[in-house]
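>>> I'll drop the sequence and a predicted model, then ask my questions.
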Amino acid sequence: MISNLTPSEIVAKMMKFDAFSQWLGIKVTAVSLDSVTLEMTIRKSMLNGLGIAHGGITYALGDSCMAFAANSEGYKRVSIETSITHKLPLKENDTIKAKARLIRQNNKTKSYEVVITNTDNKIVAIFEGQAYNTRKNW
């Protein structure tokens, strides 16, 4: 049995207890089944020694976006494999958007692509991952 919560209610519940996504300053801008869009702004504390955003920042945004999308159906899913390709650097005050979409699924896993863009709508990173279905309901 899948949860009786809507995708938006599931994402809101997850976000309420997700201290790391809150620390990143992530805002949820759109939610539907298997698709979530997030937005955040790069802060000075997120920069590396080269004065650009640490790669872990876009990775974390992609990971959160995939997690919210993967759980939107009502089953609790956890990531089992992820990767990221960085395309462009980010600097302080850049606003970035991440959008997750389902690319394939089977009985146990769902795979997602998360495209991360900057304010000029240029792709700055592509995150891909696979989430395992624990069969526990939200």
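Everything's here; your move.

>>> So the most centrally placed residue in the chain, which state does it fall into?
Nearest residue to the geometric centre of the chain (C-alpha atoms, centre = their mean): residue 65, 1.4 Å. Classification of residue 65 by DSSP: H, G, I helix; E, B strand; the rest coil places it in helix.

>>> For it, list the residues it contacts.
Shown in contact with residue 65 (C-beta atoms under 8 Å, 6 or more residues apart in numbering): 36, 37, 38, 98, 99, 100, 114, 127. To be clear about C-beta, it is placed using only N, CA and C from the backbone, and glycine gets the same treatment.

>>> Hmm, the second one is touching residue 101, no?
No. Residue 37 lies out of contact with residue 101 (C-beta atoms under 8 Å); the separation is 9.9 Å.

>>> okay, these two: which has more neighbours?
A count of neighbours by other C-beta atoms under 10 Å puts residue 37 above the other of residue 37 and residue 101, at 19 against 15.

>>> Are there helices or strands packed against the helix or strand harbouring the more buried one, and which ones?
For residue 37, the host element (DSSP states H and E) is strand 35-41. Under the contact definition 3 or more C-beta pairs under 8 Å, 6 or more residues apart in numbering; DSSP states H and E, strand 35-41 sits against strand 27-32, helix 55-71, strand 95-105.

>>> low-confidence ranges in the protein?
By pLDDT under 70, the low-scoring segments of the chain are 1.

>>> Now do the strand holding residue 37: everything it contacts.
Applying C-beta under 8 Å, 6+ apart, the set of residues contacting strand 35-41 is 11, 24-31, 61, 64-65, 68-69, 72, 93-102.

>>> likewise stretch 84-91?
Under C-beta under 8 Å, 6+ apart, the answer for stretch 84-91 is 42, 47, 51-53, 55, 57-59, 62, 96, 118, 122-128.

>>> Tell me the buried residues within these.
The neighbour count (16 or more other C-beta atoms under 10 Å) marks 42, 47, 52-53, 57-59, 62, 96, 118, 124-128 as buried among those.

>>> Noted, bye for now.
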